[in-house]
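In: have a look at this prediction, sequence included:
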Amino acid sequence: MLDRPMGGAEATLGVEALGAPEAVLERAPLGPGNDPAGGRPADPQPINPQPINPHRRRHMDEATAIRNLPRGDLSEFQRGFRHWFSRMLAASVMRTWFRIKVVNPEGFLREPALYAFNHLSWMDTLLMICIFPKQPRLYMYGPKQEDIKQGGRNRFMWWSGIPVPFSPNKSDLLTSVKRAQAVFDSGGVLAIAPEGGIHVHEGDLRAFEEGAAYLAIRAGVPIVPIAITGTSWARFRGRVLVRLGEPIRPEGRPTREVVARYTALTWHALKSMIANDRDLPPPGPIGRWFTDWFNDWGEGGREAASRIYGPEPADVPYGPASTVVPDGPATGVGRPEGGLGEVAAAG
């Protein structure tokens, strides 16, 4: 279900089986490090103060959530050090190679949230780690690997404690969902590329898989679209722009209709932010090599991938607004227009 494309014919399967939370605590408190009175470290990037989320659903207490994180076997010191080291490494690579600008940095939320970004390159993961505030702690959904402990790059990612890996044959579906929920219940945030893979074209957006919306609705956390521009080619000192959109706050239970609607809302929000982006000219041989270092374009390589485009906005229906059943005060997301004008303005 997590990698089902939006509007897929198999939409009747899997959602209800995983959708019922074990417990619902309205107005659940934030996780460790999120309370300014609790000694939260100062961060150079401004972060909006956030009201308590009335739609938040906890499935486990904080101590249990920490044990269920991808590296729940680590001590708090080990997790903190490895997260810090990964941030420093990502920043040293990305800020040396690119000129990075973050637009609307106040869009980073202090509450648990899911950040949905367009995926142009393997470098997007490093970019996310580089630009995010220290708190709440960031985790990345993926990579899609049979065994993340195989291969040097995979072993390092597993060592960092940042990935929430899942198997391509979906044999660990329940485990990956539980790990994602543990991220939210431990006070962290989760970044995910709903397209399910990289693509070539700036300004284009492939159809979304429904896992991102499902995880956000199941946990009752907001979805924040992040638009990335400039990583389709790794041009040395090239300009990379990162724009944060307005949060989409899901309501209701993760039924197939609600998941499909919020998947479409997220797709349209992100598409409106990147609609004016255009493909970049290729860099020199070093930049081309660096671009394709870890990129997996699939059969036929980059040339074949360049012939693939995502759907047009008219081909991505929002779904009936009546499928969104609020658990609390209305937020306006259930309306057909979905408040997307504000998201477009943020881009």
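Out: Cool, got the structure.

In: beta partners for Leu114?
Out: On the basis of DSSP bridges, Leu114 is bridged to Leu190, Ile223.

In: and it, how far is that from Gly319?
Out: Leu114 is 19 Å from Gly319, where distance means CB to CB, to the nearest Å. Any C-beta I mention is one placed from the backbone N, CA and C, and that applies to glycine too.

In: give me the more crowded residue out of the two.
Out: Leu114 (27 against 21; other CB atoms under 10 Å).

In: mind listing the strands for the stretch 51-200 of the chain?
Out: 98-103, 114-117, 138-144, 163-166, 189-192 (DSSP state E, counting those that start in this stretch).

In: dump these to a markdown table, plus mean pLDDT.
Out: A markdown table is the format used below for these (pLDDT from 0 to 100):
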| stretch | mean pLDDT |
| --- | --- |
| strand 98-103 | 97 |
| strand 114-117 | 98 |
| strand 138-144 | 88 |
| strand 163-166 | 88 |
| strand 189-192 | 98 |
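
In: Asn276: which of the ones you listed is closest?
Out: When those are compared by CB to CB, strand 98-103 sits nearest Asn276, at 13.4 Å.

In: just send the strands of the stretch 51-200 of the chain back as a markdown table, with distance to Asp292 too.
Out: Formatted as a markdown table, the strands of the stretch 51-200 of the chain follow (distance: least, CB to CB, whole Å):
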| stretch | distance to Asp292 |
| --- | --- |
| strand 98-103 | 17 |
| strand 114-117 | 20 |
| strand 138-144 | 17 |
| strand 163-166 | 22 |
| strand 189-192 | 23 |
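
In: just for this protein, where's the confidence low?
Out: Along the chain, segments meeting pLDDT under 70 span 1-51, 145-146, 169-171, 322-347.

In: contacts for the helix of greatest length in it?
Out: If you go by DSSP state H, the chain has its longest helix at helix 76-97. Helix 76-97 has contacts (CB atoms under 8 Å, 6 or more residues apart in numbering) with 66, 69, 71, 74, 100, 123, 126-127, 129-130, 134, 137-138, 159-162, 234, 236-238, 240, 290.

In: list the buried ones in that helix?
Out: By neighbour count with 16 or more other CB atoms under 10 Å, helix 76-97 contains the buried residues 79, 82-83, 86-87, 90-91, 94, 97.
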